[in-house]
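Colleague: got a structure for you, letters missing:
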């Protein structure tokens, strides 16, 4: 009885002690390893605890039949659409919500006035600056004009417009598993997207008097009704993008007769709409191994000078897509070639004006093909028949089509920055076919679920395009500048799209970095790749939420990652692990004798240019880049690449022997013991990665699991046995944990020279290796 009572008292005191630890800010435990528990939504029959769709998972469907006319002279769009909406939910619906995204530009829409601004130190008044202040007159006449909404019998339906949303009140409730068909007729005046902003509209070319149209968010679209949100009818402010239902589309576009049209889906009437020569080239492109020019440069230049007066109607169909976009211009040049993607033929195509010919003709279609192949390897096989890149001096994505940038100078030359930026944006926007066009997350709520995941796979794709590609996001050390900002300038990744302060860093770069660290440092490539593919497979053509990703990654890998989601996605703490003290001993005659260290070791912590862990692993695995396989992708700037030394990671591990019989000491006679104290100054727990630099010049990398911090999240000590004398120690030698303070990552290594001295020594080399967008050595070489 006494023992039982004692046990209960100990158990109770343990609970109290545990609660005190959790509530005591001075404790060694800050709950960094606690399970997420109730932070994640409760699993149910629609979404399981494993992260998979449940047995009763459902989603709505919206099919569209649209007729649209592009009036180039008046810069207007006129459209009529029939929508067939299927209610797969268990709920009865009495009204429907549609998105009117063009109302983003309506001057009566107060969503236009959400961004703050100040004049700052600007004393120069420019036309653009004044126009930005005169917002209402700039937007006059813009926005959707709804002409009518009727049911299948042509009878009017009551509707209410609330800024960028329209509610249609149904005449009778729509039962579960029921369908409703209705018509919307509308028009709007297009905006000059280069002056007004936005994703769609027109660009005007004053040199030749022509337009290039990007038709995006151009029709009233159904909002998503889901099990986790109900109607997603949050207003469109221009930032948080879209939540959309899957469906089938048939779209007829009537445009000027000399325009080429690029679009979501497959064209149904090429033979009738193209010239015989163009159609012959289209047929030739079906089996080509290099991009075939279908709409010629000469054709586009001739059309620019002699505008047609008639019209033509192009017909496109697309199945199982969540959206539909298109482009139209007489300026378009068009090339295409097929790509074999996981055994399926996909037509990869590019449309671009003559201003982009020098870059797009060489690169665009091949980058499209490379992108869908690489993304298919890391997610699911690309399911659509077409993938396209359209040069339109911007960057925006839609199913099977995206709009990018990449124009040369007038003499046809370009900077290396322009070329690399073009490749980056093509990969990124084509990659959006997977996130969120297929793995269909709610962009309005969680930007990071499409932009962050897409930026991560974009990084993998860039590195497989060119082993020396200068990726700007993905490698861990690239996020450090952001993570060392003051706390009031940071927010968790799990922040609603409209509330993000630093959009690019927090919604794109940080989640991409977090996933890359998971892959390279926490889980390893094999476990990560399997789990990530499983997430893509489970949620292809469905609506995932963050918990579905978090749970699937753990479920499919067997790795407890709650601490990682908590630290990287729900918190803002940075990584800053410090070497505080190192005590060195030598085993001599069965005793550990303190060792006096040599003078400071002169070792440069990081080589320039730096080779990241992903590049090292790709090289070790023999992954060949596309630029090495297809040498036609090399250009003038290929000569600016310099060989870099790669230090191979040593994966040997040493055990820490605490107790040993006297007879065993002979084996370790002359070995060294190092007692090291580490502290977690940043707050975000991460594995400890040590590079040992020995006095004989050799190096060894040793990795310690993040669980080392479980009992004390502030500081830990560890004892190491080495058979060689250590000259110096460096933490995170391959910059793979995003440690924001590298000054406390070394022991017995001389401090680096001041930044000014480094700049003086390396400025010439940097200019040659990394020319800025403003420098154009190709142009100088051409002039010579």
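Modeller: Done, it's in. For clarity, every value in this text was computed on a predicted model and none was experimentally measured.

Colleague: all contacts plus neighbour counts: C-alpha atoms, from now on.
Modeller: Will do.

Colleague: residue 586 against residue 596, yeah?
Modeller: No. With contact defined as C-alpha atoms under 8 Å, residue 586 does not reach residue 596; the gap is 9.9 Å.

Colleague: higher neighbour count, these two?
Modeller: The neighbour count for residue 586 versus residue 596, taken as other C-alpha atoms under 10 Å, is higher for residue 586 (24 against 10).

Colleague: what helix or strand is the more buried one located in?
Modeller: strand 577-588 (DSSP states H and E).

Colleague: now swap in residue 304 and tell me
Modeller: Per DSSP H and E: helix 297-305 holds residue 304.

Colleague: for that helix, enumerate the helices and strands it packs against.
Modeller: When contacts are defined as 3 or more C-alpha pairs under 8 Å, 6 or more residues apart in numbering; DSSP states H and E, helix 297-305 packs onto strand 333-341.

Colleague: helix or strand right after the strand it packs on?
Modeller: strand 344-352.

Colleague: what packs against the following helix or strand past that following strand?
Modeller: Beyond strand 344-352 in the direction of the C-terminus, DSSP H and E gives the next helix or strand as helix 357-378. Where contact means 3+ C-alpha pairs under 8 Å, 6+ apart, helix 357-378 is packed against strand 333-341, strand 344-352, strand 386-391, helix 416-431, helix 448-465, helix 525-539.

Colleague: just the mean pLDDT for helix 357-378, thanks.
Modeller: Mean pLDDT, helix 357-378: 98.

Colleague: buried residues, it. List them.
Modeller: Buried residues in helix 357-378, defined by neighbour count with 16 or more other C-alpha atoms under 10 Å: 357-376, 378.

Colleague: what does it contact?
Modeller: 291, 335-342, 348-350, 352, 381-382, 387-389, 391, 406-408, 412-413, 419, 423, 426-427, 430-431, 434, 457, 461, 464-465, 529, 532-533, 626, 633 (C-alpha atoms under 8 Å, 6 or more residues apart in numbering).

Colleague: just the buried residues of the residues you listed.
Modeller: Looks like those have 291, 335-339, 341, 348-350, 352, 381-382, 387-389, 391, 406-408, 412-413, 419, 423, 426-427, 430-431, 434, 457, 461, 464-465, 529, 532-533, 626, 633 buried, using 16+ other C-alpha under 10 Å.

Colleague: show me the shaky parts of the stretch 151-300 of the chain.
Modeller: Within the stretch 151-300 of the chain, no range satisfies pLDDT under 70.

Colleague: tell me where it has helices.
Modeller: Taking DSSP state H, counting those that start in this stretch as the test, the helices found in the stretch 151-300 of the chain are 270-273, 276-285, 297-305.

Colleague: I'd like those helices laid out as CSV, including distance to residue 568.
Modeller: Compiled in CSV, those are given as follows (distance: least, C-alpha to C-alpha, whole Å):
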stretch, distance to residue 568
helix 270-273, 50
helix 276-285, 46
helix 297-305, 49
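
Colleague: direction included, what does the strand holding residue 586 pair against?
Modeller: In the sheet, strand 577-588 lines up against strand 591-594 (antiparallel), strand 672-680 (antiparallel) (DSSP bridges).

Colleague: tell me which of the ones you listed approaches residue 91 most closely.
Modeller: Minimum separation from residue 91 across these (C-alpha to C-alpha) falls at strand 672-680, 50.5 Å.

Colleague: could you give me the buried positions within the closest one?
Modeller: In strand 672-680, counting by 16+ other C-alpha under 10 Å, buried: 672-674, 676-680.
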